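[1] no sequence for this one, just the structure:
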């Protein structure tokens, strides 16, 4: 596919998908959602870690209200079901670690796109904004799912009702994101983290994600059973063999997958 709204680069096992509509603050339109989904699937086949980030000053301004002419022409329910849901599921279900490197403002669906990732690293100047109530809507694109799980019910409700920006430092202290980083260090930090994950045990990462997400619905017995099953699978991988040998030989492990 020829990309018009995103840029895709890959090196060292890391696929970087960059939202690339800086003149529209990387607002999401139909074309971008199609391209993002295609790029995610392509990256999952060929990379070992994926990074989502934005071009220019913003990460993503959310839904492009000028898409299809104007907001009145946008069938919101259909768009969410047919365009957003497959994209969010692709990120959530991806077997590879996915980092959202939030370089600037992340608003509305753009904020929730970032929060769907496994790890969020944000520049200190970045803000997260649940702006939906300003136009008479509720948070979508997974916002009502991610926010209470990541920042707690009270903070999530306040963020949604008041539609006030949450700074990167606030987001970090509330447990909403993994790390807020000084702007001057932002690129270096997320690239180093992505490289670290790309060199890691991808089979274990995939099962780690599966186990952690299942824990919200499982009781203790079911979770212990799932852990045992997934750990058994990990124990049959080449990565486990390599990890043990590297430990015994006092060297750095070289993980390669199955």
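    Looks like it came in fine. Worth saying up front: this structure is predicted, and the values here are computed from it rather than measured. Numbering: from 1, shown residues only.
[2] so which bits of the helix or strand containing residue 89 are buried?
    Here residue 89, judged by DSSP states H and E, is contained in helix 85-93. For helix 85-93, burial by neighbour count (16 or more other CB atoms under 10 Å) applies to 87, 88, 90, 91, 92. All C-beta atoms are positioned from the backbone trio N, CA, C, and that covers glycine.
[3] as TSV, those residues with pLDDT and distance to residue 227 would be great.
    Shown next, in TSV, are those (pLDDT from 0 to 100; distance: CB to CB, whole Å):
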residue	pLDDT	distance to residue 227
87	97	30
88	97	26
90	97	26
91	97	24
92	95	20
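[4] what's the closest of those residues to residue 45?
    Distance to residue 45 across these (CB to CB) is lowest for residue 90, with 12.2 Å.
[5] show the contacting residues for that closest one.
    37, 40, 41 (CB atoms under 8 Å, 6 or more residues apart in numbering).
[6] so in the chain, where's the weakest helix or strand by average pLDDT?
    When the helices and strands of the chain are compared on mean pLDDT, DSSP states H and E, helix 76-79 comes out lowest with a mean of 93.
[7] next one: residue 191 relative to residue 52, how far apart?
    With distances taken as CB to CB, to the nearest Å, residue 191 is found 13 Å from residue 52.
[8] and these two? Which one has more around it.
    Just comparing residue 191 and residue 52: by other CB atoms under 10 Å the higher neighbour count belongs to residue 52, 27 against 18.
[9] give me the pLDDT value at the more buried one.
    You'll see residue 52 listed with a pLDDT of 98.
[10] that's a helix at it, yeah?
    No - membership of residue 52 in a helix is not supported by DSSP: H, G, I helix; E, B strand; the rest coil, which gives strand.
[11] state the helix or strand in which the closest residue to residue 253 other than its chain neighbours lies.
    Excluding the flanking residues, the one nearest residue 253 by CB to CB, 6 or more residues apart in numbering is residue 246, at 3.6 Å. Element membership for residue 246, per DSSP H and E: helix 238-248.
[12] what helices or strands is that helix leaning on?
    Secondary-structure packing of helix 238-248 (3 or more CB pairs under 8 Å, 6 or more residues apart in numbering; DSSP states H and E): helix 202-214.
[13] right, and out of the buried residues of helix 85-93, which lies closest to residue 119?
    Distances from residue 119 to these, taken by CB to CB, are shortest for residue 91, at 11.7 Å.
[14] relative to residue 39, how far out is the closest one?
    Separation of residue 91 from residue 39 (CB to CB): 11 Å.
[15] residue 107 now?
    22 Å.
[16] which of those two has more neighbours?
    Between residue 107 and residue 39, residue 107 has the larger neighbour count (other CB under 10 Å), namely 25 against 22.
[17] show me the beta-bridge partners of the more buried one.
    On the basis of DSSP bridges, residue 107 is bridged to residue 129.
[18] still on that earlier bit, now the least confident helix or strand of the chain, how far from the chain's geometric center?
    Put simply, helix 76-79 sits 22 Å off its chain's centre (CA atoms, centre = their mean, to the nearest Å).
[19] buried ones in the host helix or strand of residue 38?
    According to DSSP H and E, residue 38 maps onto helix 30-46. Residues 32, 33, 34, 35, 36, 37, 39, 40, 43, 44 are the ones in helix 30-46 that count as buried (16+ other CB under 10 Å).
[20] need the contact list for the residue lying closest to the first one once chain neighbours are set aside.
    Yep, that's residue 32 we're talking about. Using CB to CB, 6+ apart and skipping the chain neighbours, the partner closest in space to residue 32 is residue 5 (4.0 Å). Applying CB under 8 Å, 6+ apart to residue 5 gives the contacts 19, 20, 21, 29, 31, 32, 35.
[21] nice, that's everything, thank you.
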